[in-house]
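Enquirer: Could you look at this predicted model? Sequence included:
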Amino acid sequence: MAVQIELTQKLIDALAFDQRIVGLDSNGKPVFQKTPVNVEEWVLRDGGTKGQAGLVLRVTPGAMTWSVRRKMAGKSVRRAMGRARNAEDYTGAVLTLAEARERATSWLRLMQQEVDPHSVLDQHRDETRQASDLRRLTLAVAFAEFIEAKRKHKAKLGEGERLEVGVGQRRKVNPKLRDGSTEIRVKVQRWLSGSPMWSVPIKDLTVADVEASLDPLLNRYHGHKVKIPWGPKSVSRGTMDKLYGETERAWWRTAKTLKLGVLREEGPLQVWRTSHESDWPEDKQVERALDTHDEAHVVWLKALMTMQEAAHDPAVFTNRAAPRSKGIKPHLSVLVDFYLLLLLWGTRQTETMLLEWTAIDFKKRQIELAGDTTKSGAGDIIPLTPWACSILLERQRLNALWRPDEPSRYVFPSREHGRPISSPRRVLVALAEETGVAITAHDLRRSLARELGSDEDLLHTARLLVSGAAMHHGAGRGGSRVSAVTERYLGDRAETLRPLYQQREDRLRQLVGLPVENPKSDGTTEAEAFIAKMKEDPAIKALLLEALLKS
């Protein structure tokens, strides 16, 4: 049974578990007795003129603890408050008598209002923990989480069974092949590491923090010599767009998660960008491409064909060169065919690297680009012309000859079994050294955009429309749409484009000295007939112009 006594700090400091207080003498002094062996605890209730009713001191062999006891909802409830004195092996915080009485007063008041003090304490701890988490959630942490979330989303698109997406189907992407968007975000992360705003919590990020971090990089773009320990060595418009765009998206994603209640246009990064509208880098159109009207570029193309002929020599596959020798290896034919087909198709490098044999329909003469490999995220179809078809059929034969026991599902397999090619650039380096002309994979893509339908007889509006369609700018993240009529059936669109692909293919074959196939009986090509039909039919002209305006 608890003994009620007016507690003092001196008494508490002198208490020992093995000598318990069992009552008070006639003078109000405590009476001590040896604690029986079978007793595990004894209790004192604070009383007297200075005491706090409801405050309880519990004494055990290991420690003394404070608690309050009061009725709540008709039941007697006890709530522990903390330690009064600890064992020698415990160094945690303790409550003095004065602190215990003060806390008991507030806790008992809550209990009188039917509020559990522990629930209030838990809420306070949660709020404190959240505040601590917010302090730790810096822009650097938010950006790292942004990269991982985007990477997982990209990987998820390729998981599980094949899913219908329009005419396209999502395929499982090789998990070891990191997509281009992730590569860009990792670069931005590396560039901004160490900048003033990188260690600032998201909730505290200000325009001044952004200015201190991005203004020096913008100044570097404008030619000022700025010494800073962060950022790339040289800054282009594309670099500034990446630095701002990816960082702003990471900030906005976290701001929404934290429910900061800030409009996107009011965010510190958006405000900073708006204030620099006048000195933001100009959008310079990239003009570089493989120009088949330039004799030096024709020499480059012929050198590529010569390299293909050497790489396709049967001896390369039957009498294979030693791995460390300088002889031609079978894998060179894969790389050369890759770049030649990039030129014919105008596709992006990554989506072509990931091309699988199941995506090629030789009967329908078309190739399906899977939505999970394209930049826009939308599937597309491109026409398969005779020269490209013959290259693919030969590629299929050589792949089987190279690895008869393990045929790859990829059109362009890597030397590492089961993977697509990932770094074919050495072919471009070799051609640059031989011809003096430096060409990139994207230059080959621009070549298609520049030359497809570039015949002087082709209507200007139609040229813009079909070039946009051929560049596979579908209704995805890129935003440009081709035509309300043609996007209904991508297969029909591919057939519409086929004559133009064929015309360009024929011209490329002429340039490298190969015979031109597929002439019509009257001597005109399919492309020439298609162009003539457009000029003669006003309805087609009007339809193409309307589609152009909509796009």
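Expert: Here it is on my side, so go on.

Enquirer: Strands along the stretch 101-250 of the chain, start to end?
Expert: Secondary structure of the stretch 101-250 of the chain (DSSP state E, counting those that start in this stretch): strands at 164-165, 168-169.

Enquirer: and if you look at the chain?
Expert: 3-5, 19-24, 30-34, 42-46, 55-59, 64-72, 75-85, 164-165, 168-169, 360-361, 366-369, 380-383 (DSSP state E).

Enquirer: coming back round to it: among the strands of the stretch 101-250 of the chain, which gets the worst mean confidence?
Expert: Lowest mean pLDDT within the strands of the stretch 101-250 of the chain: strand 164-165, at a mean of 30.

Enquirer: Low-confidence regions, the stretch 301-450 of the chain specifically.
Expert: 375-377 (pLDDT under 70).

Enquirer: surely Pro413 meets Asn399?
Expert: Yes. Contact criterion CB atoms under 8 Å: Pro413 and Asn399 qualify, at 6.2 Å. Every residue, glycine included, has its C-beta placed from N, CA and C.

Enquirer: who touches both of these two?
Expert: Val334 (CB atoms under 8 Å, 6 or more residues apart in numbering).

Enquirer: State the pLDDT value of Leu497.
Expert: 79.

Enquirer: typo on my end, it should be Leu452
Expert: 71.

Enquirer: Can you get me a residue count around it?
Expert: As a burial measure, Leu452 scores 22 neighbours (other CB atoms under 10 Å).

Enquirer: That one and Asp337, how far apart?
Expert: 21 Å (CB to CB, to the nearest Å).

Enquirer: Could you list the low-pLDDT ranges of the stretch 451-551 of the chain?
Expert: For the stretch 451-551 of the chain (pLDDT under 70), the answer is 453-493, 517-551.

Enquirer: Who's the closest spatial neighbour of Gly346, skipping the chain neighbours?
Expert: Leu448 (2.9 Å; CB to CB, 6 or more residues apart in numbering).

Enquirer: Quick one: the strands of the chain as CSV, columns for distance to Leu258 and mean neighbour count too.
Expert: Below are the strands of the chain laid out as CSV (distance: least, CB to CB, whole Å; neighbours: other CB atoms under 10 Å):
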stretch, distance to Leu258, mean neighbour count
strand 3-5, 51, 18
strand 19-24, 53, 15
strand 30-34, 56, 12
strand 42-46, 45, 19
strand 55-59, 41, 22
strand 64-72, 36, 19
strand 75-85, 33, 15
strand 164-165, 33, 12
strand 168-169, 36, 20
strand 360-361, 47, 16
strand 366-369, 38, 23
strand 380-383, 38, 24
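
Enquirer: Of all those strands, which one comes closest to Trp230?
Expert: strand 366-369 (37.8 Å; CB to CB).

Enquirer: Give the partner strands of the closest one in its sheet and their orientations.
Expert: strand 360-361 (antiparallel), strand 380-383 (antiparallel) (DSSP bridges).

Enquirer: List the contacts of Ser414.
Expert: 420-422.

Enquirer: How much space separates it from Thr254?
Expert: 37 Å.

Enquirer: Also Asp313?
Expert: From Asp313 to Thr254 the distance is 57 Å (CB to CB).

Enquirer: Settle it for me: which of these two has more neighbours?
Expert: A count of neighbours by other CB under 10 Å puts Thr254 above the other of Asp313 and Thr254, at 20 against 12.
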